[in-house]
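J.: Provided below for reference: sequence and predicted model.
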Amino acid sequence: MASPNPNSDETSYVKMPSSVLESRGTDASLIGSHCQYTYCNQLDFLPFRCQSCSATFCLDHRTEDSHACTNPGAWAARRRQAELARHSAGEGRRMRDAVAQPKPCADDACKTTIGTSLVPGVHCPGCNRDYCLRHRLREDHDCRTRKEPVGARAAGAAQAAAAAEGARTALGRLRLWGQAKKEQAKLSFPSANKPRAARMVAVNTLKKTAKGDAKIAPEKRVYLYVEAEAATAKAKIPKGELFYSQDWVVGRMLDAAARSLQVENVNNQSNDEQNRLRVFHVEGGRLLDFSEKLGTVVQSGNTVVLLRGVGPPPDLITP
């Protein structure tokens, strides 16, 4: 079996650096060092330094036991602390100030006291608890079954409350805004006989001014009034008269509308509803789902509005 390397951390002693020995010159009495063991004092040309007491010894007295070390085990303690400071194999990190904070292992069935010089504790980042070496792995302490990480309850509750309040505010604003839009539409058509004819005239006018992809066949086009809500979806062009394919899904129409009105669109980059754009259908009184087919939820002459931060689409306004 190979002997340990005397220049590694695996032994309590290390060879004296050759640079130190060479710096002493060529005088025979200065080459090497005298063993500092009380009963030896032998001149050794390849001396060793003890990593526990820092004294210099010959080959025969290089170990702690052979020279009756005055600080036995110091190098081993330093090495153990260095290893504990690294991540344990497979999971976690060493507890902060392990010696000063003894505590029971966080596993409910374990009675081991951790955080001592002999039994270190390992911190689990998943549930924010400390465990003994036996239960340090997530599968060993049922990390997934923990309802929530320690310390996460207050922050999570506050975040959830803020999100809920934001959603209520946004939906309330959207409901009032949508009702006002519907009232405006009713005032535009006061009698029961005029709406149909008036809508046809309005749609024909819209067809003449609307812009869109020229590759879309005329019979496949749906012509819409598109707006961006000023409060949430700031646009360089507030509104436009545009057409899209009735075969498109709402999500594709939203992307095209955002480009036309020059509205910032991060829907493909963020899952945070506070940043995402949604499409509100004025006549239908609701938000449209991204996957809905455009031709089945809107018709030419309708108005859709781009909004931000209103969340997923519930039915917001009763007809």
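T.: Sure, I can see it.
J.: what residues are up against Y39?
T.: Y39 is in contact with no residue at all, counting by CB atoms under 8 Å, 6 or more residues apart in numbering. For glycine as for every other residue, the C-beta is placed from the backbone atoms N, C-alpha and C.
J.: Over to it: give its phi and psi.
T.: phi -100, psi 20 (degrees, to the nearest 10).
J.: Can you tell me how far it is from R199?
T.: Distance, Y39 to R199, using CB to CB, to the nearest Å: 113 Å.
J.: Then D130?
T.: 69 Å.
J.: who's more crowded, those two?
T.: For D130 and R199, the more surrounded residue by other CB atoms under 10 Å is D130, and the numbers stand at 25 against 16.
J.: Can I take it that the more buried one is in a strand?
T.: Yes. Assessed by DSSP: H, G, I helix; E, B strand; the rest coil, D130 belongs to a strand.
J.: wait, doesn't it sit right on A106?
T.: Yes. The criterion here is CB atoms under 8 Å, and D130 meets it with A106 at 5.7 Å.
J.: any common contacting residues for those two?
T.: Common neighbours of D130 and A106, using CB under 8 Å, 6+ apart, are C124.
J.: Now do the contacts for the residue lying closest to S52 once chain neighbours are set aside.
T.: Leaving aside its chain neighbours, S52 sits nearest to A74 (4.1 Å; criterion: CB to CB, 6 or more residues apart in numbering). Counting by CB under 8 Å, 6+ apart, A74 makes contact with 51-53.
J.: Next one: A74 relative to S12, how far apart?
T.: Per CB to CB, A74 is found 9 Å from S12.
J.: Need the residues touching each of those two.
T.: Shared contacts of A74 and S12 (CB under 8 Å, 6+ apart): 51-52.
J.: Give the residue spans of the stretch 201-319 of the chain that score low on pLDDT.
T.: Along the stretch 201-319 of the chain, segments meeting pLDDT under 70 span 231-233, 311-319.
J.: My guess is G32 contacts T56. True?
T.: No. If you go by CB under 8 Å, G32 and T56 don't touch, sitting 9.5 Å apart.
J.: between those two, which one's more packed in?
T.: T56 (21 against 18).
J.: right, and the more buried one touches C35 too?
T.: Yes. Between T56 and C35 a contact is recorded at 7.1 Å, counting by CB under 8 Å.
J.: Need the residues touching each of those two.
T.: Shared contacts of T56 and C35 (CB under 8 Å, 6+ apart): P47.
J.: just the helices in the stretch 151-300 of the chain please.
T.: Applying DSSP state H, counting those that start in this stretch to the stretch 151-300 of the chain gives helices spanning 152-188, 194-209, 250-261, 294-297.
J.: so where's the stretch 51-200 of the chain uncertain?
T.: Low-confidence segments of the stretch 51-200 of the chain (pLDDT under 70): 84-101, 144-195.
J.: cutoff 90 now
T.: For the stretch 51-200 of the chain, the stretches with pLDDT under 90 are 51-52, 54, 57-67, 70-103, 106-200.
J.: ok, back up a step: shared neighbours of G32 and T56, anything?
T.: Residues touching both G32 and T56 by CB under 8 Å, 6+ apart: P47.
J.: ok, T113 to E83 distance?
T.: Distance, T113 to E83, using CB to CB: 20 Å.
J.: for G121, same thing?
T.: G121 sits 14 Å away from E83, going by CB to CB.
J.: So for those two, which residue has more residues nearby?
T.: G121 (29 against 12).
J.: so the more buried one makes contact with R134?
T.: No. Using CB under 8 Å, G121 is not in contact with R134, being 11.5 Å away.
J.: Identify the contacts common to the two.
T.: Each of C105 lies in contact with both G121 and R134 under the rule CB under 8 Å, 6+ apart.
J.: If we ignore the residues flanking it in sequence, what's nearest Q262?
T.: Leaving aside its chain neighbours, Q262 sits nearest to K236 (3.9 Å; criterion: CB to CB, 6+ apart).
J.: hang on, I meant V203
T.: Nearest residue to V203 in three dimensions, chain neighbours excluded: G301, at 4.4 Å (CB to CB, 6+ apart).
J.: so who does that neighbour touch?
T.: Residues in contact with G301 (CB under 8 Å, 6+ apart) are 199, 202-203, 206, 223-225.
J.: which of those sit farthest apart?
T.: Across the contacts of G301, the longest distance by CB to CB is 13.3 Å; it joins R199 and L224.
J.: So A230 is in contact with P238, correct?
T.: Yes. Shown here, A230 and P238 form a contact pair, counting by CB under 8 Å, at 6.9 Å.
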